[in-house]
Structure formats: structure tokens, C-alpha cells
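Colleague: predicted model and sequence follow; I will ask about them next.
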Amino acid sequence: MGKILVVDDDRNLLELLKIRLESAGYDVFTALEEEEAMEAVKNQPFDLSIVDLQLLHQDGISLMKELHLILPEMPVIILTAYGSIESAVEAMKKGAYSYLTKPFEPQDLLLQIEKALENRRLNIEIKRLKELLEERYDFTNIVARSEKMRRVLVMVSQIAKTESTVYIHGESGTGKELIAKAIHLASERKIKPFVAINCAALPEALMESELFGHEKGSFTGAVRSTKGLFTQAHEGTVFLDEIGDMPLSIQAKLLRALQERQFYPIGSAKPVEVDVRVIVATQKDLEEHVKQGLFREDLFYRIHVIPIHLPPLRERKEDIPLLVEHFLKKFGQQMKKEIKGLTPMAMQRLMLHHWPGNVRELENTVEYAVAMTQQDTITEDLILQNQPLDLPEEPFKPFKEAKDSYEKTYLIHLLETCGGNVSKAAKIAGKYRADLYDLMKKHGIKSEDFKKPS
Ligand SMILES: Nc1ncnc2c1ncn2[C@@H]1O[C@H](COP(=O)(O)OP(=O)(O)OP(=O)(O)O)[C@@H](O)[C@H]1O
Ligand SMILES: [Mg+2]
């Protein structure tokens, strides 16, 4: 579950926390004094620590800094007395994960601990995955800031090394092919071929031969025997895109090939055995197709082993600024233009759009703007003119939902503009810094995520 260090000079509180945390399943070490805490950290690893702001000889912030020298990734939750909100904000700036004001509800503490540990686990996984990908390939082109996309990347790293069939589901332009390639590149099969076929683009008559190959003379026009994609992908990965459009006759043959790991090319009596990993993708709801008899149920269960859902861009708008930066760089290089960024108004238009075409649409939008701009910043007149801005799916959401969603979009946009500088953001928003921190906390937004690498 996790090992927690608690430092507080209040013996009673310390005892109480120990009991509460242990009964929640954590392994707890308590320290009344700074030195004891430092000693402990030098001798054993901790997953998280809880530090009182007011300690015996030191303040909690400087202890936190010392702890971070030894365990830089360990999240620290600061406990503060009522009324010292400024110091709590200071602690956050110096690297605390969050703070709690005494007296607090035990559930609040447990919730914060859980969140901090989950966040840390995600970060470690992503770092591992990025290292894995960067090590051998310069494969850093997947942008994922939102929790939803970070979860997808963690999933990719976990399943890449397995042999299981992967089922990628997502609207058009959400990155299905990109993720399929990432899985291949992070797997043991990476040096073998990645072969993709779009089932929606091939006529039925050609598809069987494309997939499984044919013998010379097996049908009119078959002047040579041809290897199918499955054979070409031997020891590698086959990517079946838009599998929902595969005709039923071919579905039957695919099912047999997946079950028996062998198949017969058209016109051949000799089975071919291949070793391939299969990744499929679909925009459509295949379960619905199964119900309507358009897709074989047995094949569905064969391929629906590890499902990965790619969320539409409108559900992860916090990815937009980073994606924009990524595409500005890409097209800037291609077109030999040095583009600094977007004006706040231009960025706002992007944040408000509904993105039916998802990341691909965003990519096209940025490409157009880079091509058209005469300056080194992109102004709003080059962004989505004559396009409807975000129209909610239902005409009206409940007021609270609409307000929350606006608040979140506003905060992301604001922090992006200020490069994560909360003081600056507070000034622009006309709010106290502490209030802004509260809002950020409510929406699970962290200022560090918006800091530009210096
Ligand atoms: N997270 C991301 N980071 C960077 N680029 C992305 C990301 N997601 C998608 N893209 C880019 O957006 C474009 C569309 O992605 P991709 O072709 O993988 O989507 P798709 O779901 O297969 O789309 P379609 O359904 O239209 O085939 C590609 O150029 C891809 O590189
Ligand atoms: Mg695709």
C-alpha cells in the first residue's frame, strides 16, 4: 500500500495519525523531531511524507527541502495551523504536493494521500515508458498531459511486452494508429515489421488476398503468387484498422487464423504458420455491430482482449496547449518558419472549439495557421474562422456542470498563458493567490505542469 513518514512535534496527533493510517493499511513511521526523520529517510525508502509546518527546531518547509534532497520524488503533504494559508502556499511553491489545515477530517487526509500516491505511481510509470521509448527510438512524439491520456500511456507500457491482442477504440483522429505503433515499438517485436491495413479502404474481393496471400492462378488476374500481410508481418505486428468494416466472410477466416495461428492462402492446400501480434482499431461501437449481426460475436471476443479507449479531444482540453506547441514545432521546422506561439485570443478559440475531428483536426488547424501567418505569432484571425465554437452536446447542462467546465477551461488557459506562474495568473484573474490555489486544487490542476522547461 505504501510507506509513510509522519513528522509532527505534537505527540498526541502523531499517535492518532499513526493509528488512523495503519488501520487504512499503510506502513507508518513517526518522528517527533527533524533529526529522527532525516535518519529514517537515510535508512529506508518512503512513498510519502506528512510534515507539520511548525516543528520543534525548524520549519516544515526546510525539512521538506532536506527530505527532497534524499528522496526527490517523494510527495510531501504539509499540515498547517488555521490562518497560516500564506505559508501553505509557500510550501506548495517549494514543492509540497498539497496541504491540510488543522483541524482536518481524517477522510480528507486519506483522500489526499491516495491521490498523491496515485499521481506518483503514474509519474514513475510514464518516466519508465518515456525512457524505454527514448532509449532506442526518438519516440517522444506522443503528447499526454491529461490524466486520461497519461493512463493510456501507462497502459501501453504495461501491455507492450505481452502477446495479447489489443483493441483500440476511439473517434476519428484521436491517435489510434499512433498508439498502435507505440505498442509495437515498445515491444520485443520492435525490430520486426509493423504492417497496417485499413479494412474500410479495401474492396471485399481484394481483402482476403491482401491479408492471407494467394497462389498463382488461383483467380483471374493472379499471375503470380503473393504473400499476404500476415506473412509479411511474421514475428512482428499486424494492425487491422477499421476492423468494423471487415466483411463477414473475411471475419470467419480471420477468426480461424487467430485461433489456429495458421491459415491457407487462396488456392493453396498448404497451411502457413505465422507468429504475429494483432492490434485492431475501430471508431464504431462494435458491440452494437455484434447485436445487429454485422460483426461476429466470437471474433469480437477474440479481439476484445485488452481494450484501450482513446478519449475525444473535447474531453481532455488540457492537452490542447501542449499539442499546439508540438505541432507548431513540427510545422515550423517543415516550413522553415520560427513561430513563437499563439496570441491569447487565438489560444482561446482553440480551447473553445468542439473538435469533432480531434487531434487530427487540431493538427490541420495549426498547419494552416503556420502556413498562412506573416508574423512570428499566430493571431486569432488564422484560427478556425467560420467555424462554430464549442457547442455543448445537450443544449443545456445543469448550471453547476457548465460552470465547472468553464472554470477548468479558464484555469488551464490562464496558467498556460502565465507559464505556470500563479502570482501572475492571480493578478490577471483578479483573485487572491490562495483562492486561485483552491480552485486549482478543486480541478486537480497543478501549476508545475504549465512551467516551460528552462
Ligand atoms: N497524443 C498525441 N500526440 C501527438 N500527436 C498526436 C496525438 N494523437 C494524435 N496525434 C496526431 O494526430 C494525427 C491523427 O492520429 P492517428 O492517425 O493516429 O489517429 P486515428 O485515430 O488513427 O485517426 P483515424 O480514425 O482518422 O484513422 C496524427 O498525425 C498523429 O500523429
Ligand atoms: Mg487511423
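Modeller: Happy to help now that I have it. Ligands and ions are numbered 1, 2, ... in the order given.
Colleague: mind listing the strands for the stretch 251-400 of the chain?
Modeller: With DSSP state E, counting those that start in this stretch, the ranges of strands along the stretch 251-400 of the chain come out as 262-263, 272-273, 277-282, 306-310, 341-342, 377-378.
Colleague: give me the contact list for the fifth one.
Modeller: The contact list for strand 341-342 (Cβ atoms under 8 Å, 6 or more residues apart in numbering) reads 324, 325, 328, 350, 369, 377, 378, 379, 383. For every residue, glycine as well, the C-beta is placed using N, CA and C.
Colleague: now do the last one
Modeller: Residues from elsewhere that reach strand 377-378, judged by Cβ under 8 Å, 6+ apart: 328, 339, 340, 341, 342, 343, 346, 369, 370.
Colleague: repeat that for the longest one.
Modeller: For strand 277-282, contacts defined as Cβ under 8 Å, 6+ apart pick out 163, 165-170, 176-177, 180, 183-184, 187, 189, 236-244, 258, 303.
Colleague: give me the mean pLDDT for stretch 262-273.
Modeller: For stretch 262-273, the mean pLDDT works out to 90.
Colleague: out of the contacts of strand 277-282, who's near ligand 1?
Modeller: When contact is defined as Cβ under 6 Å from any ligand atom, the contacts of strand 277-282 meet ligand 1 at 170, 176, 177.
Colleague: most neighbours, which of those?
Modeller: Ranked by the number of neighbours (other Cβ atoms under 10 Å), these place residue 176 first, at 23 neighbours.
Colleague: quick check: that residue touching residue 310?
Modeller: Yes. Between residue 176 and residue 310 there is a contact under Cβ atoms under 8 Å: 6.1 Å.
Colleague: on the C-terminal side of the longest helix seen in the chain, identify the next helix or strand.
Modeller: Assignment by DSSP state H gives helix 106-136 as the longest helix of the chain. Remark: after helix 106-136, the chain's next helix or strand is helix 147-159, criterion DSSP states H and E.
Colleague: out of the strands of the stretch 251-400 of the chain, deepest packed?
Modeller: Mean neighbour count (mean count of other Cβ atoms under 10 Å) peaks for strand 277-282 among the strands of the stretch 251-400 of the chain, with a mean of 25.
Colleague: quick check: mean pLDDT of it?
Modeller: 97.
Colleague: in its sheet, what does that strand sit against?
Modeller: With DSSP bridges as the test, strand 277-282 is paired with strand 166-170 (parallel), strand 237-241 (parallel).
Colleague: any part of that strand near ligand 2?
Modeller: No. Counting by Cβ under 5 Å from the ion, ligand 2 has no neighbours in strand 277-282; the shortest distance is 6.3 Å.
Colleague: and if you look at stretch 346-357?
Modeller: No. Residues of stretch 346-357 are not located near ligand 2 by Cβ under 5 Å from the ion, the shortest gap being 12.0 Å.
Colleague: ok, that stretch near ligand 1 or not?
Modeller: No. Remark: stretch 346-357 sits outside contact range of ligand 1, by Cβ under 6 Å from any ligand atom, the gap being at least 7.9 Å.
Colleague: tell me the residues of the chain that contact ligand 1?
Modeller: Residues of the chain found near ligand 1 (Cβ under 6 Å from any ligand atom) are 141-144, 170, 172-178, 283, 323, 326, 359-360, 363.
Colleague: do that again at 5 Å, thanks
Modeller: Taking Cβ under 5 Å from any ligand atom as the contact definition, the chain meets ligand 1 at 142, 143, 172, 173, 174, 175, 176, 177, 178, 359, 360, 363.
Colleague: of these, which ones also sit close to ligand 2?
Modeller: Among these, the residues lying close to ligand 2 (Cβ under 5 Å from the ion) are 176, 177.
Colleague: and of the residues of the chain next to ligand 1, the nearest to ligand 2?
Modeller: residue 177 (4.1 Å; Cβ to the ion).
Colleague: stretch 117-125: how far from the chain's middle?
Modeller: With Cα atoms, centre = their mean, to the nearest Å as the basis, stretch 117-125 stands 12 Å off its chain's centre.
Colleague: picking up where we left off before, mind putting the strands paired with strand 277-282 in JSON lines, mean pLDDT included?
Modeller: Formatted as JSON lines, the strands paired with strand 277-282 follow (pLDDT from 0 to 100):
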{"stretch": "strand 166-170", "mean pLDDT": "97"}
{"stretch": "strand 237-241", "mean pLDDT": "96"}
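Colleague: show me the one of those that comes nearest residue 84.
Modeller: Comparing those against residue 84 with Cβ to Cβ, the closest turns out to be strand 166-170 (46.2 Å).
Colleague: now the angle between strand 306-310 and that closest one, please.
Modeller: On the basis of axes from the mean of the first three to the mean of the last three Cα atoms, to 10 degrees, strand 166-170 is oriented at 20 degrees to strand 306-310.
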